[in-house]
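1. 3D, please:
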Amino acid sequence: MKILSIQSAVAFGHVGNSAAVFPLQRIGVEVLPVYTVNFSNHTGYGAWRGPMISPDDVREVLLGIEDRGVLPQIDVILSGYQGGEGIADVILEAVQRVKAANPSAVYSCDPVMGNAKSGCFVAPAIPVLLRDRVVPAADIITPNQFELGFLTDTEPDTLESTLASVELVRATGPRTVLVTSVERPDREDGTIEMLAVDDNGAWLVQTPYIPMKANGSGDVTAALFTAHYRRTGDLADALARATSSVFDLLTRTHESGERELQLIESQDAYANPQMQFTPHRIA
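-> This next block holds a predicted model:
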């Protein structure tokens, strides 16, 4: 499998491609990383150095890849945080070109906007752009509950309202939706859930809640879920594998006391997930 991953990169820490590439490689996926920024560290620190790469420069890299005749071999285009408005056009062009070369390729979009605690942390134009242009072009999306609400102009909080919001966004284009960080009032204390839905049904998985903020964990989740699902087409299995791997990654990170994901130290969790959580079919 080959994944063209168009995301940010940091020298220190693990977000964007700097979070997604190694776990994908560890499960046997060939990754072609294309960078949209090249920062010293993620922006959560409040200070960083390095350039945002212009859309034209990103496009040049993608055209260079096309020149090598690789596009027919690409199985997945993966995108995440979009720092500026212009990059969306470049990503959508890449999706179009890859799908023309390989009609079986899929586009997986992590529509990064923010979360319920922090609100939106992207430029004001980005959520609207994602909702109106990018998400409708995607085959798979991996929003959190807050982002799902913006995409559908709803306020999902119960399981029923979250499922209803998923169906609204599926009607706009993407057939497969992974909702990360599902929090509903009637769940067990000290737990958190993920919900995955495709044309064949809906699956929910619950894990213990780990009390920490982990920049980049969503990038790892989106990457692993997408790869497993593209490889097998089995939604429940992809959800179980991604959940197991990310839970072990977050557990190790929390126990380390470090702020950054313990991405390298957790490598066995990607290649050999413990499968300690079983998704349950709910629809």
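
2. quick check: residue 34 is in a strand.
-> Yes - under DSSP: H, G, I helix; E, B strand; the rest coil, residue 34 falls within a strand.

3. surely it and residue 59 touch.
-> No - counting by C-beta atoms under 8 Å, residue 34 stays clear of residue 59, with 9.7 Å between them. No exception for glycine: its C-beta is placed from N, CA and C like everyone else's.

4. looking at those two, which one has more neighbours?
-> Neighbour totals were compared for residue 34 and residue 59, and residue 34 leads with 23 against 18 (other C-beta atoms under 10 Å).

5. give me the number of residues near the closest residue in space to that one that isn't next to it in sequence?
-> The shortest distance from residue 34 to any non-neighbouring residue, by C-beta to C-beta, 6 or more residues apart in numbering, is to residue 6 (4.7 Å). Using other C-beta under 10 Å, residue 6 has 24 neighbouring residues.

6. residue 6 reaches residue 95, doesn't it?
-> No - Residue 6 is beyond contact range of residue 95, at 9.5 Å (criterion: C-beta under 8 Å).

7. which neighbours do those two share?
-> Common contacts of residue 6 and residue 95, defined by C-beta atoms under 8 Å, 6 or more residues apart in numbering, comprise residue 77.

8. please enumerate the helices of the stretch 1-150 of the chain.
-> Counting by DSSP state H, counting those that start in this stretch, residue ranges of the helices within the stretch 1-150 of the chain are 17-26, 55-67, 86-101, 125-129, 145-152.

9. quick one: buried residues of the longest one?
-> The one in question is helix 86-101. 87, 88, 90, 91, 92, 94, 95, 97, 98, 99 (16 or more other C-beta atoms under 10 Å).

10. ditto for stretch 240-260
-> 240-253, 260.

11. same check, this time on stretch 228-236
-> Using 16+ other C-beta under 10 Å as the test for burial, stretch 228-236 gives 228, 229, 230, 231, 235, 236.

12. redo those as CSV? Include pLDDT and secondary structure.
-> Formatted as CSV, the buried residues of stretch 228-236 follow (pLDDT from 0 to 100; DSSP: H, G, I helix; E, B strand; the rest coil):
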residue, pLDDT, secondary structure
228, 98, helix
229, 98, helix
230, 98, helix
231, 97, helix
235, 98, helix
236, 98, helix
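
13. farthest pair in those residues?
-> Across the buried residues of stretch 228-236, the longest distance by C-beta to C-beta is 14.9 Å; it joins 230 and 236.

14. circling back to that earlier point, and the buried residues of stretch 228-236, which is closest to residue 54?
-> Residue 54 lies nearest to residue 230 out of the buried residues of stretch 228-236, by C-beta to C-beta, at 29.9 Å.

15. next SSE downstream of the helix or strand harbouring residue 243?
-> According to DSSP states H and E, residue 243 maps onto helix 235-256. Remark: after helix 235-256, the chain's next helix or strand is helix 267-271, criterion DSSP H and E.

16. list the contacts of stretch 258-273.
-> 12-14, 19, 22-23, 26-27, 214-217, 220, 224, 240-241, 244-245, 248-250, 252-253, 256.

17. any low-confidence regions in the stretch 1-150 of the chain?
-> 115-122 (pLDDT under 70).

18. try 80
-> Scanning the stretch 1-150 of the chain for pLDDT under 80 picks out 83-84, 114-125.

19. quick one: average confidence on stretch 198-217?
-> Mean pLDDT, stretch 198-217: 95.
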